[in-house]
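Enquirer: below is the sequence, then the predicted model.
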Amino acid sequence: MQASADMTRKECSWSSWKGQAIDLLYWRNVKQSGAVFSSVLLLLFSLTQFSVVSVGAYLALAALSATISFRIYKSVLQAVQKTDEGHPFKAYLEMEIAMSQDQISKYADKILLYSNTCMKELRRLFLVQDLVDSLKFAVLMWLLTYVGALFNGLTLLILAVVSMFTLPVVYEKHQAQIDQYVGLIRTQVNSVVGKIQAKIPGAKRKEE
């Protein structure tokens, strides 16, 4: 019963986190989404100008300045008002932040599963188990060489963050039109792939 209750709590916690992430990306709460979006962008733009060590050190100094100032302010206020409210961060200091063994095992199992899946997929692509899929992968890598020549990793990360906070909203507002165009593109791509499969020996997929 206890294990079942723990599992239920974990599933509820995961659902809650998932719902919060969706609300954040779909701008359900404009102030919250705006704060997260601007903070992440500010951090990434800072990394384009300064090193990771410098940015981390400045962030730590800013956080320490805020907490130390607040601690001193509350101590002085308690001394003047002659109250004993205790440490201003007592609730956060007593909060449990350590991961349980079950949580560590669960995340380790997920990482192991994703790693094994990725390794199997890469083996399948590089050893040409399916010629069409390997050709698609080769074309993707070829396109990425041009992307890498135009953008560095940090720029791509900035574009990814901007896309995460804009594309879901755009898709939600124009879902019908986007689905229509995506369907047309998919049809054309499938048609081209079908023609290639018909012309290249051994390119046809084996029937299940």
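Expert: Received, thanks.
Enquirer: helix, strand, or coil at residue 88?
Expert: Using DSSP: H, G, I helix; E, B strand; the rest coil, the secondary structure recorded for residue 88 is coil.
Enquirer: mind listing what it touches?
Expert: Contact analysis of residue 88 by Cβ atoms under 8 Å, 6 or more residues apart in numbering lists 70-71, 74. (C-beta placed from N, C-alpha, C; glycine too.)
Enquirer: look up the pLDDT of it for me, please.
Expert: In this model, residue 88 is scored at 85, pLDDT.
Enquirer: and if you look at the one 10 residues further on?
Expert: As predicted, residue 98 sits at a pLDDT of 80.
Enquirer: sec struct for it, please.
Expert: Here residue 98 is recorded as coil under three-state DSSP.
Enquirer: what distance do you get for it to residue 17?
Expert: Distance of residue 98 to residue 17, computed by Cβ to Cβ, to the nearest Å: 18 Å.
Enquirer: quick one: which of the two has more around it?
Expert: Set residue 98 next to residue 17 and count neighbours by other Cβ atoms under 10 Å: residue 17 wins out with 10 against 6.
Enquirer: where along this protein do the helices fall?
Expert: 2-25, 30-49, 52-81, 90-93, 101-126, 131-150, 153-173, 175-199 (DSSP state H).
Enquirer: which residues sit against the shortest one?
Expert: The one in question is helix 90-93. Contacts to helix 90-93, defined as Cβ under 8 Å, 6+ apart, come from residues residue 87.
Enquirer: and it, what's buried?
Expert: Judged by neighbour count (16 or more other Cβ atoms under 10 Å), helix 90-93 contains no buried residues.
Enquirer: likewise the fifth one?
Expert: For helix 101-126, a neighbour-count test (16+ other Cβ under 10 Å) marks residue 125 as buried.
Enquirer: what's the angle from it to helix 131-150?
Expert: Here helix 101-126 runs at an angle of 100 degrees relative to helix 131-150 (axes from the mean of the first three to the mean of the last three Cα atoms, to 10 degrees).
Enquirer: give me the mean pLDDT for helix 101-126.
Expert: Summarised as a single mean, pLDDT over helix 101-126 is 92.
Enquirer: how about the last one?
Expert: When pLDDT is averaged along helix 175-199, the result is 83.
Enquirer: who does it touch, helix- and strand-wise?
Expert: helix 131-150 (3 or more Cβ pairs under 8 Å, 6 or more residues apart in numbering; DSSP states H and E).
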